Every structure is written in structure tokens, then in C-alpha cells.
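*Asks:* Quick one, structure for this:
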Amino acid sequence: QQRKGGGSVQFDIDERLAKSIDLSEFVQEIELKCWDKLAKLSWRPFEEAREFARKLTLRNLKEWTEFCKGYLPKKGSLPSDIPAYPNQTYEEKGWFGVGDWLGTGNVAPQNRQFLTFQEARAFVHQLDLKCQRQWKNYCQGKMPDKGILPPDIPSNPNKTFANTGWIGLGDWLGTGTIAPMRRKFRTFQRARSFSRSLGLKSQSEWNAYCKGTIPSDIPKNPQGTYAGKGWIGYGDWLGTGNIADQFRQFIPFTKARAFVRGLTLKNVSEWRAFCRGNLSEKGNLPSDIPAAPMRTYAGKGWKGMGDWLGSGNIAPTQRKFRSFKDARTFARSLGLKRQSEWFEFRKGSLYEKGILPADVPAAPEGTYANKGWAGYGDWLGTGKVANQDLKFRSFLKARAFARSLRIKNGREWRKYCAGKMRDKGTRPQSIPSNPNLTYAGAGWSGMSDWLGTGRTRVSKSSKPKSSHPGTPPPFLKSTVSGPMCPP
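*Replies:* Numbers count the residues shown, from 1 in each chain. Alright, predicted model coming up:
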């Protein structure tokens, strides 16, 4: 109990507990707890706290943080009057960075005193570095023959000297290389005159030329530099006369189609050969006729390559086909037996069957999907239905049919399904040949149950085990007491 007005404090303690307490130790612990509370209200002066931190010989902020969290027990514990965040506590009382706090000498870039731009650049020039990669390696200490980056030279000079002389890395290293965005190029007309004088024939030749020596005032990517300043294309840039499609002026669709039909080309491959100049007897593609008419005349009359060439061929997506029933009637009239024969017919390989009409699709499964298509068996009239389209009997009805066949085992079942047991008849389409898959999880428990033979495969793990290695299984034991007869 504490007296009014302060003074001493009295504690009510059980007599037996009081005998086991060391009074002097108890008072010391109370004083330490009070000091811990008061210490946070009165930190050590900056110089004393820094001296303590430096004696720990920690190397960086990470080790200081680990020490404060108690992860470095060999270094002891953080005293109550030393702050874990000295940068906040001593911000206006001497704080100069973690390097100064720990005594490592490392100084944060924002606190360093660098040389002037001209002095720093002069130092870097003497290093004879050739590119940005070498500069980074030097700053990271990976070029020992060049020495170590002095503390008064920044590793990021573009930031440090952004407004005090920085031009570019080429100027900083002394290589003379200037970033494209900082170069001063010739006017478009003068640059184009230079490029035309080279006698290059294509963009690929221009790119190859740019890999060598090129004047510093001629851009390697003129389409970017002179965009909106006269650029039309590489044909104009090199003087070859070739112009990209998007910059050409083409004649109207009907006139272009009339010209192309006059060429009497038969198909797309011949059109491509003509555009490449491989059909010399047809002449050359005029500059006002596009090589890719489907893009140029999209929405302007384009119907397909057959219409463009006048061959009459129409792309499947543009055709109008017969109704499913009419097309199926035609297909059934051909007397084809399987899908492979249909493929041969549509290729024109079955001459006796004639040619596939233009209004009957070669791939009916796509054209009539969701419009009556039920498989090639239905399409050709053979009655065969793909497994995924078959509707099988229920398991119980199918099993009853299978048992009625009196088949003895799985081998005979496979022969029956293959039609090799004629005395048993032909397997109905409503009975699956692989009942183990069809009825998995729907009643299937094995081939013996399916055929009704009653045989069950016994696994090794299901065989009865004897209680002793020398004791026979129960079904081998004699019913008569006494020793067993020798085998």
C-alpha cells in the first residue's frame, strides 16, 4: 500500500512466501524494471550511443537490425537506453547515416560530397571504358585492373549530374557515342539523298549496312525518326520505287478484278507465282493492283479468290449448301461404305462416282453440326454409329443378353465382338464391346459376372494365410486328428 502524498510503498505478502524471497534481490529487480521504463524517456546522448554501436563491429544495417531483434546473442542485448531506430531519435542531434553510426565509413549517396561533373568525367575518361556494361562492372568492383570506384564518384552519374552537365554515357566515358534521342540528324530530304546514293535494293540490305559504319547524323531506324516528316517507306527511302501496300493508291475493285480475270489464272498458287514475277509470260503485277486483295478490298466487293480469278471456285465459308436432308440423300446414293471412301470421293479419286457437287460440303460434320449430323454411318446410310454416339442398353439388360450367349471367358467374348463366332450371331450395336469401360461405376464387377460363369479372380493378397510358416491353410487341414499324411 502506498501512503498518501508519496513516500515508501508497503506490500502485503503471505508470510510463507516472504520467507522464500531474497529482499535485496527483489528490490534490485524492481529498480531494473523501473529503469527500463525510464530509460526510454531518456536516451543516451548521441556520441555515447554511437560509441556503443561502433564497439559491436557490425557491418551494415541488416546486422544492426538483427542485433536489435536479439538474433546475434554473441553481441549481447540492446540496452534499454539505446534506440533501435537511431535515425529517428538522433535525426537533429548528430545523425549522419548508418555507416557513421556503425563506424564502417560507408556513406549514403544522398549524404556524399561528390566531385564536380567536369572533375568526375575527367577521372572516368582515363579508365578507358567502352560501354555501359563495362561501367557497371567497374562500379561493382568486377574490374580489379581498373581499381575501385572512389567514394566521391557516383555510380549513377545520370542522376547526380542530371542538371549539372550530363549529356549521355558516351560523353561520360569519352567514347563519343550519343544516344539516338540526343543526336541531331540531317533533314529527311538530305538523309534520303544519302541513302539513295548507296544503291541498296531492300530493307534487309539497309539493315545489313547499318551494322557497319554509318554517319552519326543518319538514323538506323528512319521510319521512327522521320515519321510525320516525309517518311513513306523503304522503297522511297532507298529509291527502288517499291511502296508498302498501306501507302499505295490502288484502282477500284471492279477494275482490278477485270484485269486479274484477263490473266486466266486457275488457283491461288498461280496468283502467288504471278505476284512474285515467276510467270514471265503473264507480265508483272502492276503497282496499282494489290498482291493481297482480300485485305485491300475487304468490304469493297471481295467475295473470294475464285471470284477474283474468275475460276468460279468459292470458299466453303462463302458457299450456299443444300439442306442436311438433301445432302445426306445425295451422299447415301453414292453407295459408299465407310468414311475413308467418302474422303477418296471428295478428292475426286473415285471417278466412277462422279465429282462432289459445289453445294454439298466436303466436311459435312462441320457444316451440319447441330443441324442433324449424327455420324458418317448415318451420312452414308451404312447404319454404323460412332461409339460416342451410340446408345447402349442398361447394364442389367446388357448383362442378361451377354449371359444368354453362354460364352465362357474374356477371350471368347473378344472373338464374338470381332464376329468370329458366327454361331452366336452378330453383336447388337446397343451392346458395347468394352463393357468394362461403358459400365464402369454403373454395375460392372468383372468379366465372370458379365458372362455369368461365376469365376472370380483371386489375388495373392486374398489367399488365406497360415498362422505359422509350417502350418497348412485351413482348407488343407485333415479332419482327422493326428499327424498328416506325407505328400
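*Asks:* Enumerate every residue touching residue 86.
*Replies:* Applying CB atoms under 8 Å, 6 or more residues apart in numbering to residue 86 gives the contacts 49-50, 53, 95, 101. Placement of C-beta: from N, CA and C, glycine included.
*Asks:* same check, this time on residue 256
*Replies:* By CB under 8 Å, 6+ apart, the contact list for residue 256 reads 250, 288-290, 293, 297.
*Asks:* What mean pLDDT does the helix or strand containing it get?
*Replies:* Under DSSP states H and E, the secondary-structure element containing residue 256 is helix 253-261. For helix 253-261, the mean pLDDT works out to 94.
*Asks:* Give me the residues contacting the helix or strand just after it.
*Replies:* Later in the chain than helix 253-261, the nearest helix or strand by DSSP H and E is helix 268-275. Residues from elsewhere that reach helix 268-275 (CB under 8 Å, 6+ apart): 260, 263, 265, 279, 282, 285, 291, 305, 308-309.
*Asks:* and what of stretch 153-173?
*Replies:* Taking CB under 8 Å, 6+ apart as the rule, stretch 153-173 contacts 109, 112, 114-118, 120-121, 123-125, 127, 129-132, 135, 139, 149, 176-179, 182.
*Asks:* So which of those residues belong to helices?
*Replies:* Among the contacts of stretch 153-173, the members falling in helices (DSSP state H) are 117-118, 120-121, 123-125, 132, 135, 139.
*Asks:* if I look at residue 127, how far off is residue 106?
*Replies:* 22 Å (CB to CB, to the nearest Å).
*Asks:* for residue 271, that is, sorry about that
*Replies:* Distance from residue 271 to residue 106, counting by CB to CB: 72 Å.
*Asks:* same deal with residue 204?
*Replies:* Residue 204 is 52 Å from residue 106, by CB to CB.
*Asks:* Looking at those two, which is more packed in?
*Replies:* The residue with more neighbours, out of residue 204 and residue 106, is residue 106; 15 against 10, by other CB atoms under 10 Å.
*Asks:* wait, doesn't the more buried one sit right on residue 96?
*Replies:* No. Counting by CB atoms under 8 Å, residue 106 does not reach residue 96; the two are 11.1 Å apart.
*Asks:* Now do stretch 353-370: everything it contacts.
*Replies:* Contacting residues not belonging to stretch 353-370 are listed as 314, 316, 319-322, 324, 327-328, 330-331, 334, 336, 345-346, 348, 373, 376, 379 [CB under 8 Å, 6+ apart].
*Asks:* Please report how far the nearest residue to residue 118 once chain neighbours are set aside lies from residue 426.
*Replies:* Leaving aside its chain neighbours, residue 118 sits nearest to residue 165 (6.8 Å; criterion: CB to CB, 6 or more residues apart in numbering). Distance, residue 165 to residue 426, using CB to CB: 96 Å.
*Asks:* go on, residue 199?
*Replies:* Distance of residue 199 to residue 426, given as CB to CB: 80 Å.
*Asks:* Tell me which residue lies nearest the centroid of this protein.
*Replies:* For the chain, the residue nearest the mean C-alpha position is residue 133 (28.9 Å; CA atoms, centre = their mean).
*Asks:* rewinding a little: of residue 165 and residue 426, who's got more company?
*Replies:* residue 165 (14 against 10).
*Asks:* Done for today, thanks.
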